[in-house]
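Participant: Mind looking at a prediction? Sequence and model below.
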Amino acid sequence: MLAIFSPILKYFKALVKTKTFLLLFALSLVSAIAISACTNEPKVTSSPIASETTESKSGSKTETQKDSMMTGHSKAKININEAILSELDKLEAKLGVAGLSNKIQAARPYAKTEDLVTKKVITAPQFEQIKDMVGTETVELTGEAKDVDYLTKLGLMKGHMIVAKELIDVQKPEQALPHIGHPVEEIYADVEGQLKQRNVKDFKQSLIDLQQLIKSKPSDPMVATKYNEAMTSIDNAIAAIPESQRQSPKLALQVINTILDTASSEYTAAIANNKIKEIIEYQDSRGFTLYVEQLYKDIAPAMQKDYPDAHKQFTASLAKLKPAYPSPLAPEKPVLSVADMSELIKGNEQAAATVYTKS
């Protein structure tokens with residue numbers, strides 16, 4: 001009897017195994033499809049706004065973008081891996097720690113902002129004060145924001161060069177040297193990529209030639225020639241952006257406010273216990289402010305015509321800022337308090353907001 005049913009039993013066992021295999025295969029296939037769907041799902045990243053003029057799909061600007069438009073300059077975080085000294089000086093001014101900018105540069109790179117504490121650059125309580133100001137992400141700028149960044153960096157170069165020339169003229173080449181050095185050693189690398197993109201002829205060598213000449217032969221008559229060559233090169237780089245665009249109040253004020261913000265930070269970093277302790281920072285602030293005066297003159301007619309109230313604010317503010325720098329040689333005590341300077345800069349930003357909303 002068993003011999004008769006044995007083949008039948010074998011058939012059913014094989015059938016069960018086949019069904020089990022098919023069932024397991026089907027379940028595996030469904031799982032694979034589900035995993036693939038999850039893997040291929042678009043990733044959402046939280047990245048900083050690259051341009052204050054970029055709009056969302058709905059066509060409305062984000063709150064961060066609106067804030068940037070209202071203040072007149074980018075509120076992007078300071079990249080502690082890439083920022084130039086003038087940007088890092090904002091952190092130095094905030095914390096009141098002399099030499100902090102150089103210390104941050106020396107401890108690079110940083111995997112995360114908290115490394116400022118783990119690398120003993122600053123303390124944990126100090127980090128709490130600046131953590132919202134710093135980042136480690138590189139933001140790719142586009143459009144108008146990229147133009148503002150480009151003109152700002154070149155403007156900082158000009159500011160350094162302006163105060164350097166003043167110091168050369170009063171026969172203080174040793175004080176002029178750091179201001180010649182900053183454009184070539186620091187800022188140039190930060191703007192070099194944009195120079196290539198805008199087909200601007202490389203001018204790093206002209207800055208190096210001037211720096212070396214002031215180091216070795218500060219009284220050489222060729223200093224003036226080399227200085228003029230370097231300044232012409234920077235002006236040619238600035239001219240890569242059409243004059244009509246540069247003289248647009250909306251664009252120009254963004255550059256002006258960003259440079260003034262940097263000047264304010266440098267001024268703050270220079271002062272301790274109501275004395276000017278950091279002479280280079282004071283001189284940086286002077287050079288940046290003098291360059292801003294030049295920039296504003298270019299847009300003053302348009303401002304007076306189209307934005308008379310904002311024009312009145314800016315002219316009054318610049319007039320009050322100028323006495324803060326009685327000479328390229330720093331006075332012992334500040335003429336203008338840090339609080340008063342900050343208030344003037346804030347007023348300028350508020351006045352500029354009326355230009356952005358009407359543009």
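Facilitator: Received the coordinates, thanks. Not measured: the values here are computed from a predicted model.
Participant: what ranges do the strands span in the protein?
Facilitator: 78-79, 134-135, 271-272, 275-276 (DSSP state E).
Participant: hang on, isn't residue 278 packed against residue 98?
Facilitator: Yes - with contact defined as Cβ atoms under 8 Å, residue 278 reaches residue 98; the gap is 6.4 Å. For glycine as for every other residue, the C-beta is placed from the backbone atoms N, C-alpha and C.
Participant: of all the strands of the chain, which lies closest to residue 353?
Facilitator: strand 78-79 (22.7 Å; Cβ to Cβ).
Participant: What pairs with that closest one, parallel or antiparallel?
Facilitator: strand 134-135 (parallel) (DSSP bridges).
Participant: what does the partner strand contact?
Facilitator: Residues from elsewhere that reach strand 134-135 (Cβ atoms under 8 Å, 6 or more residues apart in numbering): 48, 77, 78, 79, 80, 91, 113, 116.
Participant: Let me know the closest of these to residue 297.
Facilitator: Closest to residue 297 out of those is residue 78 (29.8 Å), distances taken as Cβ to Cβ.
Participant: which residues pair with the closest one across the strands?
Facilitator: With DSSP bridges as the criterion, residue 78 is bridged to residue 134.
Participant: From residue 166, how far out is it?
Facilitator: Residue 78 sits 28 Å away from residue 166 when distances are taken as Cβ to Cβ, to the nearest Å.
Participant: what residues are up against residue 204?
Facilitator: 184, 188, 192.
Participant: rewinding a little: mean neighbour count, the strands of the chain: which tops it?
Facilitator: strand 134-135 (a mean of 20; mean count of other Cβ atoms under 10 Å).
Participant: Now distance to residue 257 too, for the contacts of residue 204, in a markdown table please.
Facilitator: Output for these, formatted as a markdown table (distance: Cβ to Cβ, whole Å):
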| residue | distance to residue 257 |
| --- | --- |
| 184 | 26 |
| 188 | 23 |
| 192 | 25 |
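Participant: From these, keep the buried residues only.
Facilitator: Neighbour-count burial (16 or more other Cβ atoms under 10 Å) applied to those gives 184, 188.
Participant: Among the contacts of residue 204, which are located in helices?
Facilitator: Among the contacts of residue 204, DSSP state H puts 188, 192 in helices.
Participant: ok, the contacts of residue 204 vs residue 152, which is closest?
Facilitator: When those are compared against residue 152 (criterion: Cβ to Cβ), the nearest one is residue 188, at 14.1 Å.
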